[in-house]
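Q: predicted structure and sequence below. I'll ask about it afterward.
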Amino acid sequence: MAAHTTNYQSTFIEVSEDCPIDHGTEPPIAENMSIAALQYRLIMERPFELTSDDVIFETYALRKGIDADDAAAREEFFSKGQACLRSSQLGKHYGWGILHDAEGRVGLIPRDSAEYTASAADSELSHMRAMRSSRR
């Protein structure tokens, strides 16, 4: 089975063009945490420790009650293509840039920070935007 990946290296995913806010904000925490809230928690608790694949799978595992260390479940999950962090609400709605370091590990950078401005201007990084929420 060929494994798909959502990982990028040395890449900055900038906030989507239609993001409604101009600063990074924490997704609301509710009894049943949203995907965005889970992704936020995983990345903020372990900045530049997890890859995009780790975040995507751990989020899935938490929501489905699967052990995040289950290698067979992870292999099956990535046997099909998965949406990358460009589709995350963190960059589409909550104002977070997502930085992938040279090893593919991810960290969040608030849109209103000097670090965001510097990352957006860094020519050593590949750049892309989070997906737009609307088709317009």
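A: Perfect, thanks for sending it. Numbering: from 1, shown residues only.
Q: residues in contact with stretch 107-115?
A: 15, 19, 21-24, 40, 43-44, 47-48, 90, 95-99, 101, 116, 119 (CB atoms under 8 Å, 6 or more residues apart in numbering). Bear in mind the C-beta positions are built from the backbone N, C-alpha and C, glycine included.
Q: what does stretch 116-125 give?
A: 10-12, 14, 97, 99, 109-110, 127.
Q: run the last query once more with 10 Å
A: By CB atoms under 10 Å, 6 or more residues apart in numbering, the surrounding residues in contact with stretch 116-125 are 8-15, 23-24, 95-102, 107-111, 113, 127.
Q: mind listing what's buried in the biggest helix by length in the chain?
A: Assignment by DSSP state H gives helix 52-64 as the longest helix of the chain. With burial defined by 16 or more other CB atoms under 10 Å, the residues of helix 52-64 counted as buried are 52-61.
Q: got it, and stretch 31-41?
A: Buried residues in stretch 31-41 (16+ other CB under 10 Å): 33, 35-41.
Q: now swap in stretch 82-100 and tell me
A: For stretch 82-100, by 16+ other CB under 10 Å, it's 82, 84-100.
Q: pipe the buried residues of helix 52-64 into a markdown table and attach distance to residue 67 per row.
A: Shown next, in a markdown table, are the buried residues of helix 52-64 (distance: CB to CB, whole Å):
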| residue | distance to residue 67 |
| --- | --- |
| 52 | 20 |
| 53 | 16 |
| 54 | 14 |
| 55 | 16 |
| 56 | 16 |
| 57 | 11 |
| 58 | 10 |
| 59 | 14 |
| 60 | 12 |
| 61 | 7 |
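Q: contacting residues around residue 106?
A: 7-8, 11, 13, 39, 42-43, 46-55, 85, 98-100.
Q: distance of residue 57 from residue 122?
A: 28 Å (CB to CB, to the nearest Å).
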